[in-house]
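# Show me the folded form of this:
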Amino acid sequence: MHTRRSVALSSVAAVAISFTVAACASSSGSASSSTNVAAAGSAAPDMSRTPPSPDPRVTLKAGWFDAGQAAWNMSLISTTPPSANFTNRADPGDQRVWNSDLAFTGNYVIQGNFAGYQVWDVRNLKAPKLVTSYLCIGSQSDVSVVGKLLFESTEAANARVDCSPAGVADTVSHDRARGIRIYDISDMEHPKKITTVQTCRGSHTHTVLADPKDPKNVYIYVAGSAPVRSPNELPGCFDADPTENPNTTRFRIEIIQVPVDRPEQARVVSRPAILADLAPPKQHGELPSDSAANAARTAARAPADRSSRQMITHGPVQCHDITLYPAIGLAAGACRGYGVLLDIRDPANPKRVGLAADTNFVAWHSATFNNDGSKILFTDEWGGGTSPRCRATDKMEWGANAVFTLQNNEMTFQSYYKIPIPQTPTENCVAHNGSLIPVPGRDIMVQGWYQGGVSVIDYTDPKNVREIAYFDRGPVDASKLYVSGSWSAYWYNGVIYSSEMTRGLDILELQPSAWLTRNELDAAKLVRFSELNVQSQQKLVWPASFSVVRAYLDQLERNKGLATDKIAATRAELTRAEGLSGQARKDALAALSTKLHGDARGASDEPRAHKLASAVGDLAK
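Here you go, the predicted model:
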């Protein structure tokens, strides 16, 4: 599936070649295993207030590594192909070696893959270096990191505890690995698998919670989508209607407690039924042109998971993804037919406190809080991520983002957003994973849309979401759909990292524009993380800085939130104060802050004008 390298394997089954024993294998990469791919077909990005017209994304040339590219207010720094064992030259659509999600620690980017994970040293953004290529089949292999511990999701039926590619033939087997694998990454070049915590439905995704009130433990919220396991394979698992067994595994998530100093003792400590007693959600069907093919696929899948068919009479039985925001004590679960709000102040015992439904959403997929917790953006993975759902014939409300405001645990719908240009029928495309870009005073998010590319949106006004930058490639093939594209696009310490399912790791940089000024970008780059798991949201805090002050000024100028003469006078006084030092600078800034608070009263954007004044006051301190 992935491409290019002379030593690439034709399928993950061939991974056995890399094993001399049945244990998991890891290897350090050489420079040749992470050669940078030139930006074939790329052009200088267009950086303007108005998007290019006609939109160049519509007519991009197809190709695996030579596809055409289009960028607006964004530039591609590098593309690094997958390492040899995570590439399939014979079939770019081979899901066994798809790249998946990302986690970050220090100078390392950890990239999940259905066959394991890769670790990249990104100190040189133009040429990331492979550190580890760890083969361990697990299906999606969602990854996260806390300190020296790496967590990896697994739910594939053929995933094994010992990581052997031999698979699992028996219906009931204690060799099967469905849950969370835990690794010691003290030596990043040689990760050591500590244990596998087995769960009843495996782990499609997971989210880590480091509770400041409980520093001795890390909690993992597990969302599994695999069929419920037999109690003969894992005691305590029950696939039953709640009227038959109140302890049914359906409608539950699983929470793992990991003692930081004794991770080998990690265990499931609770299975809260956060989806109990929900009615079936009202959802739209497929377009007529897609119905026949989908019906055939559904019929083929139906016998595999008896519990999923219960959605006819009950609400969803599982969540796809859960985003935790400990700073506000809440989590947002994207739970197939609903958006679910959870109180997580007691980490092991979350309680459902809010619910949202939407007839335009089918597969609630993931969630992102804005920084002050006043909004939640949900995504809808209509079509499962492997289908073309951004065609000209597809509704803009389907397979989109939905923005909700949040007040007193009540979610109120505001608007939808979907990338504004059609993709071809050979491009899988739908809303997928993204993260906040830390621009003070604004709600800006970067997001992957599979083969719809990478899109940056501003949803500060939740009723009027605007695209302000993008990067896109042409389809892998012009005549046949090969699943590919940006699984997730995340901002980390100044740049955007995109996990490209078949093409590798993209690193992108936003460029100053009318919609995002140099001051706003400089302020965003002041926010630094030592590690980042995007679904474990951290509160964004900016240090006192002239960049932050000038970012607010740029915003007030853009939206005419403060009189023009006052903006000009403030810029001049800021420049004068910056040239001073010691007490003279403090006095000048303190006086300016007081004046600005006065100017803010009655301004057309009074809240932002007061933020400007407060930011100047912070500088004075």
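# Over to Asp239. Which of the three states is it?
coil (DSSP: H, G, I helix; E, B strand; the rest coil).
# How about it: what's its closest non-neighbour residue?
Val228 (3.6 Å; CB to CB, 6 or more residues apart in numbering). C-beta here means a position set from N, CA and C on the backbone, and glycine is covered the same way.
# For burial, what's the neighbour tally of the nearest residue to Asn493 once chain neighbours are set aside?
Nearest residue to Asn493 in three dimensions, chain neighbours excluded: Arg528, at 5.5 Å (CB to CB, 6+ apart). By the measure other CB atoms under 10 Å, the count of residues near Arg528 is 11.
# returning to that earlier point: what's near enough to touch the residue nearest to Asp239?
The contact partners of Val228, by CB atoms under 8 Å, 6 or more residues apart in numbering, come to Cys200, Arg201, Cys237, Phe238, Asp239, Thr249, Arg250, Ser307.
# Out of these, which is nearest to Pro420?
The nearest member of those to Pro420, counting by CB to CB, is Arg201 at 36.9 Å.
# roughly how far apart are the closest residue to that closest one other than its chain neighbours and Gly339?
Of all residues not flanking Arg201 in the chain, Gly224 sits nearest, at 3.0 Å (CB to CB, 6+ apart). Going from Gly224 to Gly339 by CB to CB, to the nearest Å gives 19 Å.
# Please apply the same query to Gln423.
25 Å.
# More neighbours: which of these two?
Gln423 (28 against 22).
# Tell me the predicted confidence for the residue nearest to Asp239.
Reported pLDDT at Val228 in the predicted model: 95.
# Sheet partners, orientation included, of the helix or strand that contains Phe104?
Assigned by DSSP states H and E, Phe104 falls within strand 99-105. Strand 99-105 has the following sheet partners, assigned by DSSP bridges: strand 108-113 (antiparallel), strand 531-532 (antiparallel).
# Could I get the contacting residues of Ser545?
By CB under 8 Å, 6+ apart, the neighbours of Ser545 are Ala523, Leu526, Leu619.
# Shouldn't the first one be within a strand?
Pointing back at Ala523 there. No - under three-state DSSP, Ala523 falls outside any strand and is assigned helix.
# Tell me how many other residues surround it.
Residues near Ala523, counting by other CB under 10 Å: 26.
# One more: Gly485?
Using other CB under 10 Å, the number of residues around Gly485 comes to 29.
# Tyr490 too?
25.
# now do Gln283
Other residues close to Gln283 by other CB under 10 Å number 16.
# How about it: what's its closest non-neighbour residue?
Val362 (5.0 Å).
# How is this protein partitioned into domains?
Here the domain parsing of the chain from automatic domain parsing is 12-33+49-279+286-320+329-532, 546-620.
# gap between the last one and the chain center?
Looking back up the chat, that one is domain 546-620. 35 Å (CA atoms, centre = their mean, to the nearest Å).
# still on that earlier bit, how much space separates the residue nearest to Asp239 from Ser499?
29 Å.
# Point out where the stretch 301-450 of the chain drops to low pLDDT.
301-313 (pLDDT under 70).
# and the gap between the residue nearest to Asn493 and Glu557?
Taken as CB to CB, the span from Arg528 to Glu557 is 27 Å.
# Repeat that for Val549.
13 Å.
# Could you check which of the two has the larger neighbour count?
A count of neighbours by other CB under 10 Å puts Val549 above the other of Val549 and Glu557, at 31 against 15.
# May I have the residues that are in contact with the residue lying closest to the more buried one once chain neighbours are set aside?
Distances taken as CB to CB, 6+ apart place Ala615 nearest to Val549, at 4.7 Å, with adjacent residues excluded. Contacts for Ala615 (CB under 8 Å, 6+ apart) come out as Pro440, Ala544, Val548, Val549, Tyr552.
# which two from those end up farthest apart in space?
Farthest pair in these, by CB to CB: Ala544 and Tyr552, 12.6 Å.
# Comparing the two, which residue is more hemmed in?
A count of neighbours by other CB under 10 Å puts Tyr552 above the other of Ala544 and Tyr552, at 29 against 15.
# How are the strands of the stretch 501-621 of the chain distributed by residue range?
Applying DSSP state E, counting those that start in this stretch to the stretch 501-621 of the chain gives strands spanning 504-510, 531-532.
# count of residues packed around the residue nearest to Gln283?
Val362: 22 neighbours (other CB under 10 Å).
# okay but it is in contact with Ala400, surely?
No - the criterion here is CB atoms under 8 Å, and Val362 misses it with Ala400 at 10.9 Å.
# quick one: common contacting residues for these two?
Joint contacts of Val362 and Ala400 (CB under 8 Å, 6+ apart) are Asp380.
# picking up where we left off before, ok, now how distant is the residue nearest to Gln283 from Asn107?
39 Å.
# Ala348 and Ile256, how far apart?
10 Å.
# whoops, Val228 was the one
17 Å.
# now swap in Ile110 and tell me
19 Å.
# re the thing from before, tell me which of Ala348 and Ile256 has more neighbours.
Ile256 (25 against 16).
# ok but that one is inside a helix, no?
No - going by three-state DSSP, the assignment for Ile256 is strand, not a helix.
# which ones are touching it?
Gly179, Ile180, Val197, Thr199, Tyr219, Ile220, Val222, Ala266, Arg267, Val268, Val269.
# what does Pro56 give?
Pro56 neighbours (CB under 8 Å, 6+ apart): Ala70.
# try Pro475
Here Pro475 is in contact with Leu60, Ala62, Ala67, Gln423, Thr424, Thr426, Glu427, Gln451, Leu481, Tyr482, Ser484 (criterion: CB under 8 Å, 6+ apart).
# ok, which stretches of the stretch 51-200 of the chain are strands?
Going by DSSP E, counting those that start in this stretch, the stretch 51-200 of the chain shows strands at 69-72, 74-80, 99-105, 108-113, 116-121, 129-135, 143-146, 149-154, 179-184, 192-198.
# same deal with the stretch 251-400 of the chain?
All strands of the stretch 251-400 of the chain, identified by DSSP E, counting those that start in this stretch, fall at 254-259, 267-270, 321-325, 330-335, 338-343, 351-356, 364-369, 375-380.
# so where do the helices sit in this structure?
288-301, 518-524, 546-558, 564-578, 582-600, 606-620 (DSSP state H).
# Among these, show the one with the smallest mean pLDDT.
helix 288-301 (a mean of 63).
# Now do the contacts for the most centrally placed residue in the chain.
For the chain, the residue sitting closest to the mean C-alpha position, by CA atoms, centre = their mean, is Asn433 at 3.5 Å. Contact partners of Asn433, counting by CB under 8 Å, 6+ apart, are Asp101, Ser366, Thr379, Gln447, Gly448, Trp487, Ser488, Ala489, Tyr490, Val534.
# In CSV: those residues, plus distance to Ala603.
Listed next are those as CSV, based on distance: CB to CB, whole Å:
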residue, distance to Ala603
Asp101, 42
Ser366, 37
Thr379, 35
Gln447, 32
Gly448, 37
Trp487, 42
Ser488, 38
Ala489, 35
Tyr490, 35
Val534, 35
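# Could you tell me which of those count as buried?
Asp101, Ser366, Thr379, Gln447, Gly448, Trp487, Ser488, Ala489, Tyr490, Val534 (16 or more other CB atoms under 10 Å).
# State the phi and psi torsions of the nearest residue to Gly167 once chain neighbours are set aside.
Distances taken as CB to CB, 6+ apart put Asn158 closest to Gly167, at 3.7 Å, once the chain neighbours are dropped. The phi and psi torsions at Asn158 (degrees, to the nearest 10) take the values phi -100, psi 10.
# my guess is Asn158 meets Asp170, correct?
No - judged on CB under 8 Å, Asn158 makes no contact with Asp170 at a distance of 11.1 Å.
# hmm, back to that, dump the contacts of Ala615 into TSV; add distance to Ala84 as well.
Shown next, in TSV, are these (distance: CB to CB, whole Å):
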residue	distance to Ala84
Pro440	43
Ala544	48
Val548	45
Val549	49
Tyr552	49
